[in-house]
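Colleague: Model the structure of this input:
(chains A and B)
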2 protein chains.
Amino acid sequence: MSVLIVGSTALDSIKTPRAENPRLLGGSASHAAVAASFFAPVKMVGIVGKDFPKRYIQLYRKHKIDLEGLQIAEGKTFHWSGEYEVNMNNRRTLETELGVFETFTPHLPRSYQNSPFVLLANIAPSLQHHVLDQMRRPKFVVADTMDLWLNIAMADLLKLIKRVDGFVLNESEARQLTKEDNLVNAAKKLHKLGPKYVIVKKGEHGAILSGPKGLFISPAYPLPHVVDPTGAGDSFVGGMMGYLSTAKGSIDSNLRRAMIYGSVVASFCCEGFGLNFTTRVTRKAIEKRVKELEALVKF
Amino acid sequence: MSVLIVGSTALDSIKTPRAENPRLLGGSASHAAVAASFFAPVKMVGIVGKDFPKRYIQLYRKHKIDLEGLQIAEGKTFHWSGEYEVNMNNRRTLETELGVFETFTPHLPRSYQNSPFVLLANIAPSLQHHVLDQMRRPKFVVADTMDLWLNIAMADLLKLIKRVDGFVLNESEARQLTKEDNLVNAAKKLHKLGPKYVIVKKGEHGAILSGPKGLFISPAYPLPHVVDPTGAGDSFVGGMMGYLSTAKGSIDSNLRRAMIYGSVVASFCCEGFGLNFTTRVTRKAIEKRVKELEALVKF
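Modeller: Below is the predicted model of the structure:
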């Protein structure tokens, strides 16, 4: 089954202690869509400006991503620039130019409205709402977010959480939102806000799923060399939703393994700048790493 | 087979945001010995002062810990007091009174010198050396440490690492010692210093083992309520060595499961002040949590 993905489509200028790369293809929707494309047909919703490089459109096409929902508007593409510290965990935003994103309203083409799996990747909660409003009874809806929306759009976000099946956020966001340091308790509080499934991302420490079957401790693939972690979280949810949409059986019986697939795609994402490495990955390489992860946690 | 454990035997005064508990039984050897006692006979080496409460001696005895190697000296028992922050991860030392520890030289009774499994729990590396010097061809030696020794006794510690089979340290210590942020690479560098097995403790995120069979990602048992994490790392290595000493088969084939047992005892340790909770645990309760951990990582 197909996955509908809405989020940001951006140009990222990324600086790490070792290198600097301007205007890479980035944004939550780009990372999530490419990640999901290894498993399922993807329909993407986003907006770019007239300055958006043609080679990036070709790259989406190479991954068979349906671009009917990608608006190309007068103006500049959303541009983010950021810098990572030596340990590659802390980053600071140097500049954010919203460009065409400032006036973005996601319109869903008819062919998108019946998509069974919906990933509301990181983007303003009001836009995530707007996409959900246009959907016809999706089977499984997951929303991701970021600290910015907790700070400036909490009311919208809380309303959104009530409408989704799964809510994904990182460790510090979970603590900020619930005012609870302990992640087991934070997950409990998040369930009370609506979602049946809560996934807390912990970066290099993996992720935790809390759902009707209890907790699941999902490992991260141990990487000896992290080049650029930008988009790893988006790749994780994208890969997870892509795998989930094609797996036979119930969500409950597939979600754990789907997270493992998401972790693996996220690990590839970290090995290159932007989407450079992810776009060169094969399904075979993904399966190999999934097997490795299975062995890494076996006792 | 029996486990020989050397380390500190102390009185801990612990303050958390919720409570304050003076003069609890503490120290790396106490925690590790009680943890190991659930699985194997334990021989403990340490020193206490004349002020050491009799009820703590009785507590060791309840756990059938061999105390022939425990010196009772004129003077005061080593006393540590510390305070935890709200998140229970950061702590600061308020006071350290070395007392009888200042002049401690660990003497091994004859009956201790053939112990096949040796845990050099956290204590000055010079004392860890001194214990090893008295051993007759032990089968498996593991050393734990703490940041203090990296700061004031690095030369001793580096010499010690060459002499052990397994070296255990926490995440920040691994980074400090190897000057390597990435833990996979830090483990590689640590192997070059001597030990066949390197275990990096990550607190609530579990631990990583690096050995001849590659990496193992060991989960932590997810606790909804952490009362006091003091001694959790000592309980982890103690439980691990206790289990390992009684398991049939090679170290390689048992070490992963031994770490799981260590994790479980550490989780119980965190649920009470000092050793209050650990000493009330049963083997049955441990087995139950091991099964739970198995289910928590299954996908």
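Colleague: For residue A:204, give me its contacts.
Modeller: Residue A:204 makes contacts with A:89, A:220, A:223, B:183, as judged by Cβ atoms under 8 Å, 6 or more residues apart in numbering or on different chains. C-beta: built from backbone N, CA, C; applies to glycine.
Colleague: I'd like to know how many residues surround residue A:74.
Modeller: Residue A:74: 7 surrounding residues under other Cβ atoms under 10 Å in any protein chain shown.
Colleague: Any quick PyMOL command for the buried ones out of the contacts of residue A:204?
Modeller: Typed into PyMOL, the line below selects the buried ones among the contacts of residue A:204, using 16 or more other Cβ atoms under 10 Å in any protein chain shown:
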select buried, (chain A and resi 220+223) or (chain B and resi 183)
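Colleague: Secondary structure element for the residue nearest in space to the middle of chain A, which one?
Modeller: Computing the C-alpha centroid of chain A and ranking residues by Cα atoms, centre = their mean puts residue A:234 first, at 2.3 Å. Counting by DSSP states H and E, the element that carries residue A:234 is helix A:232-246.
Colleague: could you say what helices and strands that helix packs with?
Modeller: Packing contacts for helix A:232-246, counted by 3 or more Cβ pairs under 8 Å, 6 or more residues apart in numbering or on different chains; DSSP states H and E, involve strand A:3-6, helix A:28-37, strand A:117-120, strand A:140-144, strand A:166-170, strand A:197-201, helix A:251-269.
Colleague: ok, and residue A:189, which helix or strand is that part of?
Modeller: Per DSSP H and E: helix A:183-192 holds residue A:189.
Colleague: Show me which residues of that helix are buried.
Modeller: So for helix A:183-192, counting by 16+ other Cβ under 10 Å, buried means A:183-184, A:186-187, A:190.
Colleague: What about chain B: which of the residues you listed touch it?
Modeller: Counting by Cβ under 8 Å from any Cβ of the partner chain, A:183-184 from the buried residues of helix A:183-192 sit close to chain B.
Colleague: and the closest residue to the residue nearest to the centre of chain A other than its chain neighbours, how far is that from residue A:40?
Modeller: Of all residues not flanking residue A:234 in the chain, residue A:31 sits nearest, at 3.6 Å (Cβ to Cβ, 6 or more residues apart in numbering or on different chains). Per Cβ to Cβ, to the nearest Å, residue A:31 is found 16 Å from residue A:40.
Colleague: So those two - more neighbours on which side?
Modeller: A direct count of neighbours by other Cβ under 10 Å for residue A:31 and residue A:40 places residue A:31 higher, at 34 against 18.
Colleague: which residues touch that one?
Modeller: A:121, A:231, A:234-235, A:238, A:269, A:275, A:278.
Colleague: Now for these, which sits with the most neighbours around it?
Modeller: Within the contacts of residue A:31, residue A:238 tops the neighbour count with 35 neighbours, counted by other Cβ under 10 Å.
Colleague: just to revisit the earlier point, quick check, nearest of the contacts of residue A:31 to chain B?
Modeller: residue A:269 (16.2 Å; Cβ to the nearest Cβ).
Colleague: Using TSV, please lay out the contacts of residue A:31 together with pLDDT.
Modeller: Formatted as TSV, those follow (pLDDT from 0 to 100):
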residue	pLDDT
A:121	98
A:231	97
A:234	98
A:235	98
A:238	98
A:269	98
A:275	97
A:278	98
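Colleague: who in the stretch 1-150 of chain A is up against chain B?
Modeller: Residues of the stretch 1-150 of chain A lying close to chain B (Cβ under 8 Å from any Cβ) are A:86-88.
Colleague: Please name the nearest non-neighbouring residue to residue A:173.
Modeller: Spatial nearest neighbour of residue A:173, excluding adjacent residues (Cβ to Cβ, 6+ apart): residue A:147 at 5.5 Å.
Colleague: Show me what counts as buried in the worst-scoring helix or strand of chain A on mean pLDDT.
Modeller: Within chain A, no helix or strand scores below strand A:91-97, which has a mean of 91 by mean pLDDT, DSSP states H and E. Across strand A:91-97, burial judged by 16+ other Cβ under 10 Å covers residue A:91.
Colleague: Alright, that wraps it up for me.
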